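> I'd like to go over a predicted model; first the sequence, then the structure.
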2 protein chains.
Amino acid sequence: MLTERQLLILQVIIDDFIESAHPVGSRAISKKEHISFSAATIRNEMADLEDMGFLEKTHSSSGRVPSEKGYRYYVDHLISPSIMHEDGDVIKHIIQDNFFEFEQIVQMSAEVLSRLTNYTTIILGPEIFETKLKQIQIITLSSNTAVAILVTNTGHVEHRSFSIPHEIEPSDIEKMVNIMNDQLSGVPIIQLAEKFNSQIASMMKKYVSNLENSYHYLNAALIQDHPVKLYIGGKSNMLMQPEFNDVDKIRSFYAMIENEDEIASMLKQSKDGIKVSIGRENNVEAIKELSLITAAYHLGEDQTGTIALLGPTRMEYRRVISLLNILSHEMTEALYMWYKNNE
Amino acid sequence: MLTERQLLILQVIIDDFIESAHPVGSRAISKKEHISFSAATIRNEMADLEDMGFLEKTHSSSGRVPSEKGYRYYVDHLISPSIMHEDGDVIKHIIQDNFFEFEQIVQMSAEVLSRLTNYTTIILGPEIFETKLKQIQIITLSSNTAVAILVTNTGHVEHRSFSIPHEIEPSDIEKMVNIMNDQLSGVPIIQLAEKFNSQIASMMKKYVSNLENSYHYLNAALIQDHPVKLYIGGKSNMLMQPEFNDVDKIRSFYAMIENEDEIASMLKQSKDGIKVSIGRENNVEAIKELSLITAAYHLGEDQTGTIALLGPTRMEYRRVISLLNILSHEMTEALYMWYKNNE
DNA sequence: ATTAGCACTCGATAAGGTTGAGTGCTAACA
DNA sequence: TGTTAGCACTCAACCTTATCGAGTGCTAAT
């Protein structure tokens, strides 16, 4: 168990290192305001903290740097969640100003969060389990091209252009759209493909001549791949961090951040509340020198999305956690209001 | 005027430097297959070429490197436009496979071009002078939220969620949409705002009670800001180039590439055909060490968009020019066919 | 006009020297 | 027994110096 003094020293070291990015030495600590014991004493305590695995040295005569275990302890025990009022106000404004467009809220939040923190923000759109189809529209552009538009109850719009096979009449299209809206409106997006295949296809045969092709096209245009939407803001913030003054690190960071699938799967793990993964805790090779902080937000009762901040392990945990707390809370609240109105 | 031999040497040096990124020395040249004179002779010629400004040295005893003037001469006189057949085939496939979706073509082209070249691709969507409104749709999501959808004759879709003020009845919305579609369908996007203000506003007053708010919202949602669309692919390719093994250069490159307005204005200059801007020729501080190659593509008769490749001045000009030739040609052709079908 | 030869230049790399911030340990002290 | 002053030691960072080699320019011979 750690003594009061060890806790104090650990905290001071981590705070200092988070700010300066330089290893912290005993003399520097002893000079701080609220430190009343000598450098030698601190050295002894630091040696103990190192033995316990909370601190590390970069080389045998360097100052101390927090280890992953040190950060973990810091996050779990040493930071009292403080509210940053200015930050909170900024966030509230963003959300209120964009209250009526879900995607706008998300997009803006990602940018603001990056600007406030200088880290990289990743927001995962809500899981689509509960998102429902609102309406399908097909607008013909010419005799043989059309654009299909799919609107969900969350106001999300997907569209896809396609060609109209020769055999299909405009009236056929109209019929098909009517059938689809009749049958599919209110159906969760995730069940669309299934419903489409099991129920709609047979119905259409009755009304629409030459189904094969149109079926194929519609299927391709609307039902296929609705990848989880990922909003990433402040990628180039990472270039500002002193730990990224090495070209190779920059390269591998960009390689990682452009692999959206991997990122999505990293974020999906997160449950309720705020989760902090420090360095190797992520089990993902690509970010073994970074920390990932995720917070869930909710849309309605079952849908959850994830907001995350990615930064060096030397991260301003206190501030970031407070920010994510506020943001996820505000988003959830705003979306709850919005969702209630939509029922 | 340059002698035959000087031309040959200039060409060999530039070809070699483009491939290796290392200054080229006289001995290395003299060893090449088709070079039959000695290193000393080459040194004399190189000195002359340097006097004329086609070559430079990185330091007093280094090999030679092409100057901007050297690249300029190379591009203007030394490269016979050769067709790369494999590249051409890849491009044709992309375009044919995505024939029916304009944005898809553009998106895919940007990615393929980046993959083939290892440079950064920038594609500027067609100017909107001739793009016309096809249809406006407003889909209500709930009693007080709705999403407005605007479709152009090119199959482009814009959407925007907004709130419905209390005073407005669903029937009002329907009326408004009908009026707008009656009056605005076929109107060039660029004139939408004007037409909306001059003609529609007054008409609506007759039919729709409490116009002020709805007017405001619709205006904001649909008419405002349709920025030129920019597709950028292969940003991180630049990290592979040896000239970018300096963190500061990477930083300023990303700062530049994220400033979309500046990029758009750089590209807009380009007229017909292929234009090569080498280093400082761009007059843009941010890319004074890069080359920008632009090619126009056409949509219909009056609309032109721009495809561009951005890379180090040490660029594979021959290959890149040939690629852009093929791509702009294929895009223009595909779009012509498509446009014709749409009339 | 061409080329061999040679002195010279300069970046790149490695080797040694100095500095300063930091440590661990010991012995004295409260 | 816990704390502290003192001191020898370590090591990265920085600077200087030496060496090497790829390259040049110039001169003189062909």
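Perfect, thanks for sending it.
> so what's the backbone phi/psi at A:Glu333?
phi -60, psi -50 (degrees, to the nearest 10).
> and it, how many neighbours?
A total of 13 residues lie near A:Glu333 under the criterion other Cβ atoms under 10 Å in any protein chain shown. All C-beta atoms are positioned from the backbone trio N, CA, C, and that covers glycine.
> for it, give its distance to chain B.
16 Å (Cβ to the nearest Cβ, to the nearest Å).
> do A:Tyr119 as well
From A:Tyr119 over to chain B the distance is 16 Å, taken as Cβ to the nearest Cβ.
> now A:Asn178
For A:Asn178, the distance to chain B - Cβ to the nearest Cβ - is 15 Å.
> over to A:Thr313?
When distance is defined by Cβ to the nearest Cβ, A:Thr313 is 20 Å away from chain B.
> which residues of chain A lie near DNA strand D?
A:36-41, A:44, A:58-62 (Cβ under 7 Å from any atom of the strand).
> and the residues you listed, which are buried?
A:39, A:41 (16 or more other Cβ atoms under 10 Å in any protein chain shown).
> and the residues of chain A next to DNA strand D near DNA strand C, which?
Contacts with DNA strand C within these, counted by Cβ under 7 Å from any atom of the strand: A:39-40, A:61-62.
> now those residues in CSV, with distance to chain B?
Shown next, in CSV, are these (distance: Cβ to the nearest Cβ, whole Å):
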residue, distance to chain B
A:Ala39, 35
A:Ala40, 39
A:Ser61, 28
A:Ser62, 23
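> need these in a markdown table (columns: pLDDT).
Listed next are these as a markdown table, based on pLDDT from 0 to 100:
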| residue | pLDDT |
| --- | --- |
| A:Ala39 | 94 |
| A:Ala40 | 95 |
| A:Ser61 | 92 |
| A:Ser62 | 94 |
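> restricted to strands, list the residues you listed.
Within those, no residue falls in strands by DSSP state E.
> now the two most distant members of those residues.
A:Ala40 and A:Ser62 (17.5 Å; Cβ to Cβ).
> looking at the residues of chain A next to DNA strand D, which is nearest B:Leu150?
The closest of those, once distances to B:Leu150 are taken by Cβ to Cβ, is A:Thr58, at 57.3 Å.
> now the most centrally placed residue in chain A: how far from DNA strand D?
Closest residue to the average C-alpha location of chain A: A:Ile123 at 2.7 Å, with Cα atoms, centre = their mean. Using Cβ to the nearest atom of the strand, to the nearest Å, we find A:Ile123 at a distance of 36 Å from DNA strand D.
> buried stuff in stretch A:324-335?
A:324-328, A:330-332, A:334-335.
> quick one: least confident of the residues you listed?
Among the buried residues of stretch A:324-335, A:Leu335 has the lowest pLDDT, at 77.
> ok, the nearest residue to A:Ile287 once chain neighbours are set aside to DNA strand D distance?
Using Cβ to Cβ, 6 or more residues apart in numbering or on different chains and skipping the chain neighbours, the partner closest in space to A:Ile287 is A:Met256 (6.5 Å). The gap separating A:Met256 from DNA strand D is 25 Å, by Cβ to the nearest atom of the strand.
> repeat for A:Asn144
Counting by Cβ to the nearest atom of the strand, the gap from A:Asn144 to DNA strand D is 60 Å.
> and for that residue, the neighbour number?
Neighbours around A:Asn144, by other Cβ under 10 Å: 16.
> what about the residue nearest to it when sequence neighbours are not counted, neighbour count?
Nearest non-adjacent residue to A:Asn144, counting by Cβ to Cβ, 6+ apart: A:Ile164, 5.0 Å away. As a burial measure, A:Ile164 scores 22 neighbours (other Cβ under 10 Å).
> do I have it right that A:Ile164 meets A:Ala146?
Yes: the pair A:Ile164 / A:Ala146 is scored as a contact, 5.5 Å apart, by Cβ atoms under 8 Å.
> which neighbours do the two have in common?
Counting by Cβ atoms under 8 Å, 6 or more residues apart in numbering or on different chains, the contacts common to A:Ile164 and A:Ala146 are A:140, A:173.
> residue of the stretch 101-250 of chain A nearest DNA strand C, please.
A:Val247 (14.9 Å; Cβ to the nearest atom of the strand).
> state the phi and psi torsions of the residue lying closest to that residue once chain neighbours are set aside.
Leaving aside its sequence neighbours, A:Val247 sits nearest to B:Asn245 (Cβ to Cβ, 6+ apart; 5.1 Å). Main-chain torsions, B:Asn245, degrees, to the nearest 10: phi -100, psi 30.
> circling back to that earlier point, check contacts around the residue nearest to A:Ile287.
Taking Cβ under 8 Å, 6+ apart as the contact definition, A:Met256 lies against A:262-263, A:286-287.
> drop anything exposed from those.
Here, 16+ other Cβ under 10 Å leaves A:263, A:286-287 buried among those.
> closest one to chain B out of those, please.
Proximity of the buried ones among the contacts of A:Met256 to chain B was ranked by Cβ to the nearest Cβ; the top entry is A:Ala286 with 14.0 Å.
> following element in sequence after the helix or strand containing A:Ser265, please.
Using DSSP states H and E, A:Ser265 sits in helix A:260-268. Sequence order places strand A:274-278 as the next helix or strand after helix A:260-268, per DSSP H and E.
> quick one, helices of chain A?
Counting by DSSP state H, the segments of chain A that form helices are A:4-20, A:26-30, A:39-51, A:68-73, A:85-97, A:102-117, A:170-184, A:192-195, A:201-207, A:211-218, A:247-257, A:260-268, A:317-342.
> on the pLDDT front, check the closest residue to the residue nearest to the centre of chain A other than its chain neighbours for me.
In this structure, A:Ile123 finds its nearest non-sequential neighbour in A:Tyr231, 4.3 Å apart by Cβ to Cβ, 6+ apart. Confidence at A:Tyr231, expressed as pLDDT, is 90.
> which of the helices of chain A has the lowest average pLDDT?
Looking at those, the weakest mean confidence is helix A:211-218, a mean of 60.
> in JSON lines: the buried ones among the contacts of A:Met256, plus distance to DNA strand C.
Conversion of the buried ones among the contacts of A:Met256 to JSON lines gives the following (distance: Cβ to the nearest atom of the strand, whole Å):
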{"residue": "A:Ile263", "distance to DNA strand C": "36"}
{"residue": "A:Ala286", "distance to DNA strand C": "29"}
{"residue": "A:Ile287", "distance to DNA strand C": "29"}
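> in chain A, what residue comes closest to DNA strand D?
A:Ser61 (2.8 Å).
> could you verify my assumption that A:Arg319 touches A:Asp87?
Yes: in terms of Cβ under 8 Å, A:Arg319 counts as a neighbour of A:Asp87; the distance is 7.5 Å.
> next, the contact list for the closest residue in space to A:Ile18 that isn't next to it in sequence, please.
With sequence-adjacent residues excluded and distances taken as Cβ to Cβ, 6+ apart, A:Ile18 is closest to A:Arg314, at 5.4 Å. Shown in contact with A:Arg314 (Cβ under 8 Å, 6+ apart): A:17-18, A:21, A:66, A:243.
> got the phi/psi numbers for A:Arg314?
Dihedral pair for A:Arg314: phi -80, psi 80, per degrees, to the nearest 10.
> contact residues of chain A facing DNA strand C?
With the criterion set to Cβ under 7 Å from any atom of the strand, chain A comes near DNA strand C through A:22-28, A:39-40, A:43, A:46-47, A:50, A:57, A:61-64.
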